[in-house]
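Visitor: Below are the sequence and a predicted model; questions follow.
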Amino acid sequence: MAELQDLLPFTKKLSLLYIDRDVQTRTPICTALSKIFSLVDEAVDGYEGLNYYKINQHDIIIMDSQLPNMTGLQLIKNIKTFKPDQHIIYLSGEPLAGPELIDLINSGINGYVVKPFDLSILLDSMQSSSSVMYKQMQLKNELTRVKTLKQQQDRVLDDAQTKEKKLRDDLLYERKRLGRLMRAQNELEKSVDTYQEQLGTVRNINELTGAASKYALQEALKKEVEKALIYLNIDNFDHINTVYGMGQGNKVLLKTVKRLATYLPHNGTLYHITADEFVILLERPVEAQEHVLAGQIQALFQEAPLETDGGVYNITFSIGIDKGAGMNLFVHAKTASKEAKAYGGGCVRYYRDDSEFIVMQRQNLYWLRLVREAIAEDKLFPYYQPIINNVDSSVQHYEVLSRLEDKNGELISAEHFIGIAIEAGLSTQISRIVIDRAFKHFSQNSYSFSININRYDLAEEYLEEFLLYKCARYDLAPERVYLELIQDVQMHNSPHMIEQIKRLRDAGFHIAVDDFGIEHSMLSRMLQVQADFIKIDSTFIEDLLDNKFHRMVVENIVEFAKKSGIKTVAENVDSEELYRLVHDLGVDYSQGFYIGRPHPTAGPKARK
């Protein structure tokens, strides 16, 4: 069995990247390996690992097969595009066989370890990779040494030949020889200069369209002169590639470049950055020139669609603009373009550091970091809010709500972080944590409870098996569990999702529809999922005392629900007067601060 000190001679000059979402496994292993590697980086998922790799180009990568956002094989494929002979050790939670093992072998990994494992087993697998890389380094050093010796030998030989010729030949012959050497050297220098010039030309030109490339833009931005940078991103270009094929997409790009180049001003240069991204750089622009030009480009493409032999395409751009000097112009204008796209595309935005979009992006980054830390440090907790039966004022049911503890020990409600967690693909991790802790808590009492379910919980297809497993583990009947479908499920209720919901209902779980009555909570969708409960959206409840229209909406919802055999719940019931009104309107259940605030435990108290 290999020990740490056995690998030290091979690894002391090597770098390592360890990718595993399991912090309990990752942290002690990385701590141990940092003693023998020059650099050890840790990543919790495929995206973070790939970003680390792009920066540090690690010599050895150890990665888990089960990663958020990206499968192990997908990550290997992405890494191999950068370095085909990258040394990778693959960790799996169970032995692989059949096609899955063949795919793994074909991916080009250098080692394979089944979890859980002792450090010594991992070291055995690493010893081969590290020794190979160490031998490669030795071979490279040896080749360098041999090359140096050969150069020294050549110099000695040249000196000997020169001395011999000096002895044999006269001064005239020596001058002719030196003349020939000088001419050969000049020709060689010219060839090198020509090659470097050609290489620079190729690098500075986009291969597809022939426009200046992003490398040329980088050189242009180094000039200390006032500039305006217009960043153009074709809206919905992926749709063209998907529907019509990349061949047609390339033709659209060629037509786009040709049209943009035709209308360039004398002080403007067009750059093709990536597939659907372009830059126009104006040097010493006149007042508002960039704004006028951006508007002209939008109008030009809107009024005259692009035509190819494959069809007609209406092209619009999300355009971002920044002015000044320096390399930040590109980043700023690209950010402004993203802001334009966030507003629906087909518009122009100037970069402003204090814009609502930029502030929101910073806030999203803050919340994303907080969510990642909470998941890693086990600081996500379920809270329970009582729901009262309006007939007998009893509490027999609770809604499970997520709470996150920040570094100051403050508890933060899900409304602040769940949106960015869904966008980042972390919502299902949160669901698993909350479900497990809620099931464990309610196994100790007789209350029923509801859990919020989003479309990613259904899209990942883990929910049915996971819920049934938790029911079995905590000896909890599925009939006590209500799955509360939030808006995004109702907006994206594909036949596949509907089928999952029906299977869950057949297994005994109850189905509830959240935020009923707003735009996307359509009656047909509610009937499709055969809901047992509907939660009337708080928009209609909050001002129910004063808004006659909302009162009429609630009355209609209650009437429809009663005829359909569906129970109703009023959310945000925060006063006694409001509670009495929803009771009189025939709503079956009430939930809100008047009934009870969210609490870390479910108890008998129904009201404050």
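Guide: Cool, got the structure.
Visitor: wait, is residue 90 part of a helix?
Guide: No: counting by DSSP: H, G, I helix; E, B strand; the rest coil, residue 90 falls outside a helix, being strand.
Visitor: isn't it right up against residue 65?
Guide: Yes: with contact defined as CB atoms under 8 Å, residue 90 reaches residue 65; the gap is 6.4 Å. From N, CA and C alone the C-beta is placed, and that goes for glycine too.
Visitor: between these two, what contacts are shared?
Guide: Common neighbours of residue 90 and residue 65, using CB atoms under 8 Å, 6 or more residues apart in numbering, are residue 72.
Visitor: The biggest helix by length in the chain packs against which elements?
Guide: In the chain, assigned by DSSP state H, the helix with the most residues is helix 119-168. Identification of packing neighbours for helix 119-168 by 3 or more CB pairs under 8 Å, 6 or more residues apart in numbering; DSSP states H and E yields helix 4-11, helix 23-33, strand 60-64, strand 87-92, strand 111-114, helix 171-203.
Visitor: pLDDT score assigned to residue 448?
Guide: Per-residue confidence at residue 448 stands at 94 (pLDDT).
Visitor: What residues are bridge-paired with it?
Guide: Following DSSP bridges, residue 448 is listed with bridge partners residue 397.
Visitor: Around it, count how many other residues there are.
Guide: 15 (other CB atoms under 10 Å).
Visitor: cool, residue 110 as well?
Guide: 18.
Visitor: Please apply the same query to residue 514.
Guide: Neighbour tally, residue 514, other CB under 10 Å: 23.
Visitor: and it, that one's in a helix?
Guide: No: assignment of residue 514 by three-state DSSP gives strand, placing it outside any helix.
Visitor: show me the contacts for residue 34.
Guide: With CB under 8 Å, 6+ apart, residue 34 has these contacts: residue 40.
Visitor: Distance check, it against residue 40.
Guide: Going from residue 34 to residue 40 by CB to CB, to the nearest Å gives 4 Å.
Visitor: One more: residue 158?
Guide: Where residue 40 is concerned, residue 158 sits at a distance of 48 Å (CB to CB).
Visitor: Of those two, which one has the most company?
Guide: For residue 158 versus residue 40, neighbours defined as other CB under 10 Å are more numerous around residue 40 (21 against 11).
Visitor: Could you grab the helix/strand/coil label for the more buried one?
Guide: Here residue 40 is recorded as strand under three-state DSSP.
Visitor: And the pLDDT for it?
Guide: 92.
Visitor: just residue 15 next, same as before
Guide: For residue 15, the model assigns a pLDDT of 91.
Visitor: burial measure for the closest residue to it other than its chain neighbours, as a count.
Guide: Of all residues not flanking residue 15 in the chain, residue 39 sits nearest, at 4.0 Å (CB to CB, 6 or more residues apart in numbering). Number of residues near residue 39 (other CB under 10 Å) recorded here: 13.
Visitor: In contact with residue 39: list those residues for me.
Guide: Applying CB under 8 Å, 6+ apart to residue 39 gives the contacts 15, 16, 56, 58.
Visitor: Report the two of those residues separated the most.
Guide: 16 and 56 (9.8 Å; CB to CB).
Visitor: list residues touching both of these two?
Guide: 39, 41.
Visitor: Compare these two (neighbour count), which wins?
Guide: residue 16 (25 against 13).
Visitor: From residue 583, how far out is residue 577?
Guide: On the measure of CB to CB, residue 577 and residue 583 end up 11 Å apart.
Visitor: more neighbours, those two?
Guide: residue 583 (17 against 11).
Visitor: Just to check, the more buried one is in contact with residue 590?
Guide: Yes: using CB under 8 Å, residue 583 is in contact with residue 590, at 7.3 Å.
Visitor: list residues touching both of those two?
Guide: residue 390.
Visitor: following the helix or strand residue 581 falls within, which helix or strand shows up next?
Guide: Assigned by DSSP states H and E, residue 581 falls within helix 576-584. Going down the chain from helix 576-584, the next helix or strand is strand 589-591, by DSSP H and E.
Visitor: and that next one, what does it pack onto?
Guide: strand 380-389, strand 567-570, helix 576-584.
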